[in-house]
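Peer 1: I'd like to go over a predicted model; first the sequence, then the structure.
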Amino acid sequence: MSRVKTILALIGVILVAVFAVQNYQAAVIRFLVYEISVSLALIIVLTTAIGVIIGLIVGLNSSFKASKNARELNKQQTTLQKSMEQTDLENKKLLGQIDNLNAQLAALQQQLAAASNAPLPSAQDFNDSVDSLEI
C-alpha cells in the first residue's frame, strides 16, 4: 500500500511540474491594494504545495483522532473482558450452588419415597398409643 501511495504521489508531482512548465507566462495577482506579477508556473507550484500541506494537516488530525478512539476502545475492551471474567466466576459459583440444591432435593425425594413405602400405623395402633398416654 505504501508503494502505491508513493507511485501516485510521484505521478502527481510529475503532472504538476509538466503543467507548470507549459504555463510559464507571467500572471498578475491582485489582493486588496496589492498587485504582483509572478510566473504562472510559480503560482501553480505554490498552490499545489499549499494544498498538499493542508491535506497533510487534515490527515494528521484524522489520524490522531483515530488513534485516540482506538485507545479508548482498547480500554473499554479491557474493562468488558474483566467484567466478563467476573461474570463467569459468578456463574460457576451459582452452578455449584444449583448442583448442591439438586443433590439436597434428590436426598429429600429419597427420604420421602422411603417414608411412603413404610407401613402406616393402623387405627388400633393409634388408639392404643392414645390410651397409653396419661392425661
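Peer 2: That came through fine.
Peer 1: for the rest of this, base every contact and every neighbour count on C-alpha atoms.
Peer 2: Will do.
Peer 1: just the element for R30, please.
Peer 2: Using DSSP states H and E, R30 sits within strand 26-31.
Peer 1: which residues does that strand contact?
Peer 2: Here strand 26-31 makes contact (C-alpha atoms under 8 Å, 6 or more residues apart in numbering) with E35, I36, S37, V38, S39, L40.
Peer 1: do the same with stretch 42-58
Peer 2: With contacts defined as C-alpha under 8 Å, 6+ apart, stretch 42-58 is touched by V16, A17, A20, Y24.
Peer 1: give the buried residues for the strand holding R30.
Peer 2: Within strand 26-31, no residue counts as buried by 16 or more other C-alpha atoms under 10 Å.
Peer 1: listing partners with orientation, what would you give for the next helix or strand after that strand?
Peer 2: Using DSSP H and E, the helix or strand that follows strand 26-31 in sequence is strand 34-39. Each strand paired with strand 34-39, and its direction, by DSSP bridges: strand 26-31 (antiparallel).
Peer 1: wait, which of the contacts of strand 26-31 is closest to K92?
Peer 2: Using C-alpha to C-alpha, L40 comes nearest to K92 of those, at 76.7 Å.
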